[in-house]
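> I would like to see how this sequence folds:
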Amino acid sequence: MNVASTNNNPEVIAYYYLQSLLSHKCVPSVVRSDKGTENTLIELIQIALRFHDKDSRAGYGSFLKGKSTANERIEKYWK
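Residues are numbered from 1 along each chain as shown. I've put the predicted structure just below:
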């Protein structure tokens, strides 16, 4: 587990994502996130790493964006 002074800086989030990939020595088939701006670099990294794969979730299909209904309550407390 890692801790940072921010959770909405795309560079910080991407750094921890890359560290996790190195630690686990693998790339996930699919990453799903909400539509927040903190995930923009992770989206680009994930698509680039899976761009030349041949499965149905390769490239652009390897990053999904959706609603963040599960974390709305906790984000209200942070404000």
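> worst-scoring helix or strand of the protein, pLDDT-wise?
helix 72-78 (a mean of 62; mean pLDDT, DSSP states H and E).
> mind showing which ranges of this structure have poor pLDDT?
Applying pLDDT under 70 to the chain picks out residues 70-79.
> show me the helices in it, by range?
With helices called from DSSP state H, the chain shows them at 10-24, 40-49, 72-78.
> tell me which of these lies nearest to residue 65.
helix 40-49 (7.8 Å; Cβ to Cβ). C-beta coordinates here come from the backbone N, C-alpha and C atoms, glycine included.
> how about the CA coordinates for that closest one, as CSV?
Listed next in CSV are the C-alpha coordinates belonging to helix 40-49 (Å, rounded to 0.1, in the frame of the first residue of the first chain):
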residue,chain,number,x,y,z
THR,A,40,-6.3,10.3,-17.9
LEU,A,41,-2.7,9.1,-17.9
ILE,A,42,-3.6,5.7,-16.7
GLU,A,43,-6.0,5.5,-19.7
LEU,A,44,-3.2,6.4,-22.1
ILE,A,45,-0.7,4.0,-20.5
GLN,A,46,-3.1,1.1,-20.4
ILE,A,47,-4.1,1.5,-24.1
ALA,A,48,-0.5,1.9,-25.2
LEU,A,49,0.6,-1.2,-23.3
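> returning to that earlier point: which of the helices of the chain sits most buried?
helix 40-49 (a mean of 16; mean count of other Cβ atoms under 10 Å).
> just the angle between that one and helix 10-24, please?
40 degrees (axes from the mean of the first three to the mean of the last three Cα atoms, to 10 degrees).
> who's in contact with helix 40-49?
Contacts with helix 40-49, where a contact means Cβ atoms under 8 Å, 6 or more residues apart in numbering, come from 10-11, 13-14, 17-18, 21, 27-28, 31, 33, 59-60, 62-63, 65.
> in these, find the pair that's most separated.
Those two in these that are separated most widely, counting by Cβ to Cβ, are 11 and 59, at 23.2 Å.
> tell me the contacts of residue 6?
residue 12.
> what's the answer for residue 13, then?
Applying Cβ under 8 Å, 6+ apart to residue 13 gives the contacts 7, 38-39, 41-42.
> and these, which is closest to residue 69?
residue 39 (16.2 Å).
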